[in-house]
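S.K.: Predicted model and sequence below, questions to follow.
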Amino acid sequence: MPQPGLREVEHEITVSAPAAAVYRLIAEVQNWPRIFPPTIYVDHIPQGGNEERIRIWATANGEPKNWTSRRTLDPEKLTITFRQEVPAPPVAAMGGTWIIEPLPEGESRVRLLHDYRAEDDDLAKLEWIDKAVDRNSRSELAALKTNVERAHATEDLTFSFEDTVRVEGSAKDVYDFVNEADLWPERLPHVAVVRLTEDTPGLQELEMDTRAKDGSVHTTKSYRVTFPHERIAYKQTTLPALMSLHTGYWTFAEDGEGGVSASSQHTVTINTENIARVLGPEATVEDAKAYIHTALSTNSTATLNHAKAFAEQRARR
């Protein structure tokens, strides 16, 4: 018999890809920000065997949340069970199972099971969780279907790159410059306006108006996860027209010689529907990649160089 106050729900979708390929995509959590729209960042810690511990930052009903889960992977049965170790309020307990079932003609059925309870078994909180689980499950399964099926396409629309500068200063000072994004309009010429909130320590919501070379201003919105003074990971949720995905991270690694290697990494997926409108009817996917690479790299390198100047000035004091 189910426990009083325990809710059990199931969502499913059919995917035009082999079950083993679908399983691998779900098992590799480092790719989740690229695959699942609500997911901002995932920190992965192997526990030995088929056990692992993951910390997830994601949006639920438009609100950023984070929680820690333990997972058990079974590649033979094509199942992954999970249980939240540190649930985010108003969730009191949350767990479930991914089940991938082979279907004829190379298709798969993906079933996503959840069981959960609300804090104090409060009905209003349970209804909030119902909506969040339903919305995120539908979003995750639809995105899973789209991305697994896209992997079989011949044209690769996703690419990554990284820019790095060496700083004669401390990792803390470089990190502080990037973390204090609310001060960027004073510190960075290409940033016009910043709206930064951090209701939960280490989880930021960043909306920014950026000036392009032609003088136009573009608004983007991101969620950022901070790890002082080592890394800031982010995912854009309001994107420029040429992108359907933009994730990345800033890293700050001391080199043991009194300096810091500061890097900015980007992963981008091209939005092919807007290439002709933005770059002209003759433009190709490769043209769009080059355009985006140049634009992002220019801004990232500018930010890194300003952070370098900031940190090196502090080091001389």
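M.R.: Sure, I can see it. Numbers count the residues shown, from 1 in each chain.

S.K.: So which residues of the stretch 1-150 of the chain form strands?
M.R.: With strands called from DSSP state E, counting those that start in this stretch, the stretch 1-150 of the chain shows them at 7-15, 39-48, 51-60, 63-74, 79-86, 91-102, 108-118.

S.K.: quick one: which of those is nearest residue 136?
M.R.: strand 51-60 (6.4 Å; Cβ to Cβ). Glycine gets a C-beta too; all of them are placed from N, C-alpha and C.

S.K.: Can you list the buried residues in that closest one?
M.R.: 52, 54, 55, 56, 57, 58, 59, 60 (16 or more other Cβ atoms under 10 Å).

S.K.: and it, which strands flank it?
M.R.: Strand 51-60 has its sheet partners listed here by DSSP bridges as strand 39-48 (antiparallel), strand 63-74 (antiparallel).

S.K.: Give me the contacts around the first one.
M.R.: For strand 39-48, the surrounding residues in contact (Cβ atoms under 8 Å, 6 or more residues apart in numbering) are 29-30, 32-33, 52-59, 64, 70, 223, 225, 233-235.

S.K.: ok, 7 Å please
M.R.: With contacts defined as Cβ atoms under 7 Å, 6 or more residues apart in numbering, strand 39-48 is touched by 29-30, 32-33, 52-58, 64, 223, 225, 233, 235.

S.K.: for these, which one is nearest residue 180?
M.R.: For the contacts of strand 39-48, the closest approach to residue 180 (Cβ to Cβ) belongs to residue 225, at 15.8 Å.

S.K.: hang on, the earlier thing: same list (the strands of the stretch 1-150 of the chain) but as CSV, adding mean pLDDT.
M.R.: Shown next, in CSV, are the strands of the stretch 1-150 of the chain (pLDDT from 0 to 100):
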stretch, mean pLDDT
strand 7-15, 96
strand 39-48, 87
strand 51-60, 90
strand 63-74, 89
strand 79-86, 92
strand 91-102, 96
strand 108-118, 96
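
S.K.: which one of the ones you listed lies closest to residue 213?
M.R.: Nearest to residue 213 among those is strand 39-48 (29.3 Å), distances taken as Cβ to Cβ.

S.K.: Right, I'll leave it there.
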